[in-house]
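Student: Kindly generate the corresponding structure for this input.
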Amino acid sequence: MSKTIKKVGVLTSGGDSPGMNAAIRSVVRTCAYHNIECAGIYRGYQGMIEGDFIPMGPRTVHNIINKGGTILKSARSKEFMTVEGRKKAYDHLVNAGIDGLVVIGGDGSFTGAEIFNKEYKFPVMGIPGTIDNDIFGTSHTLGYDTALNTVVECIDKIRDTASSHNRLFFVEVMGRDAGHIALNAGIGGGAEEILIPEEELGLERLLESLKKSKASGKSSSIVVIAEGDKIGKNVFELKDYVEANLPEYDIRVSVLGHMQRGGAPSCYDRVLASRLGVKAVESLLEGKSNYMVGMINDKVAITPLLQAIKGKSEIDRELLRVSEIMSV
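Tutor: All right, here's what the predicted structure looks like:
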């Protein structure tokens, strides 16, 4: 029989993403709604090891739904990867009267939560927060929609200068092992070519595509590249290779970098965070543990944490076909 949850701890871990604050707010206010206590844990698992907790109530989370980043901060903790570190964290949770945990983060954060649950049978629920959208068990992770809007806005601005100077721009976006941002933002921004880790385009095919674009009368082009794409060692080497083989192109590189992680969350991310926070807390109260909450077919659903960690988030093959048709 599962123990009664009287106090929930909430933390953000790994890379920050827009919508994390909205999720913290949702967890805190759902706890208040159900008359249970809530504690914020600063700096992720490192704060858990150090007992860096703060009581949180409905008024402590006012005016944060619209803010990017995370008010609870985030840190990577090597100490939590050790048995001794997790024991310290467990002792601090018990001493603070915390008997359930909501972890907002990505697969690394979920791996830590899963191990912690296995060792101490401590109730945990995960909320997926990463702009890469690379977590299995949800169609959208927190921050993904906001990042897409940021990237499309940047591509629109780059296109203005590309068309003014008849240039080819390589725009590198985030996505270490996943091409979700590149593919969707590439289609939304009208890119001529999209390079993602899941599809090996190859250098020769890229050259052929660019030659075809030139021959069809396109005076400027934009190629969106996921940072994890394997076509070149890096985007600058790719630029040099294309310039050497297609000297008629004047090429520029724009690496969008961490601006994709910042900014006010979109309406979609705010609503998503609110829904997932409610589900995470109420699942703990129902005695569920070791799950991640996510969106499946536009409904809030739960997936076992291990499955969320080990499962692969697939790229939409139909979108690949759409991008090919749109590039003629």
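
Student: wait, isn't Glu10 in contact with Gly44?
Tutor: Wrong residue type there; residue 10 is Val, not Glu. No. Taking CB atoms under 8 Å as the definition, Val10 is not a contact partner of Gly44, at 10.8 Å. (Glycine included, C-beta is placed from N, CA and C.)

Student: what touches both of the two?
Tutor: Common contact partners of Val10 and Gly44 (CB atoms under 8 Å, 6 or more residues apart in numbering): Leu72.

Student: Which parts of the stretch 151-300 of the chain are strands?
Tutor: With DSSP state E, counting those that start in this stretch, the ranges of strands along the stretch 151-300 of the chain come out as 168-173, 193-195, 221-226, 251-255, 291-296, 299-304.

Student: For Leu183, find the nearest of these.
Tutor: When the strands of the stretch 151-300 of the chain are compared by CB to CB, strand 193-195 sits nearest Leu183, at 5.7 Å.

Student: what residue ranges in the chain are flagged as low confidence?
Tutor: Applying pLDDT under 70 to the chain flags the ranges 1-2, 219-220, 232.

Student: top helix in it by residue count?
Tutor: helix 144-165 (DSSP state H).

Student: which strands and helices sit next to it?
Tutor: strand 168-173, helix 180-188, strand 221-226, strand 251-255, helix 267-285 (3 or more CB pairs under 8 Å, 6 or more residues apart in numbering; DSSP states H and E).

Student: And that helix, what's buried?
Tutor: 144-152, 154-155, 158-159, 162 (16 or more other CB atoms under 10 Å).

Student: now for the strands of the stretch 151-300 of the chain, which one comes closest to Ala113?
Tutor: Closest among those, using CB to CB: strand 291-296, at 9.0 Å.

Student: could you list every residue that touches Phe236?
Tutor: Val253.

Student: Tabulate the strands of the stretch 151-300 of the chain (CSV), appending mean neighbour count and distance to Ile5.
Tutor: CSV is the format used below for these (neighbours: other CB atoms under 10 Å; distance: least, CB to CB, whole Å):
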stretch, mean neighbour count, distance to Ile5
strand 168-173, 25, 40
strand 193-195, 25, 45
strand 221-226, 27, 40
strand 251-255, 16, 45
strand 291-296, 22, 14
strand 299-304, 16, 16
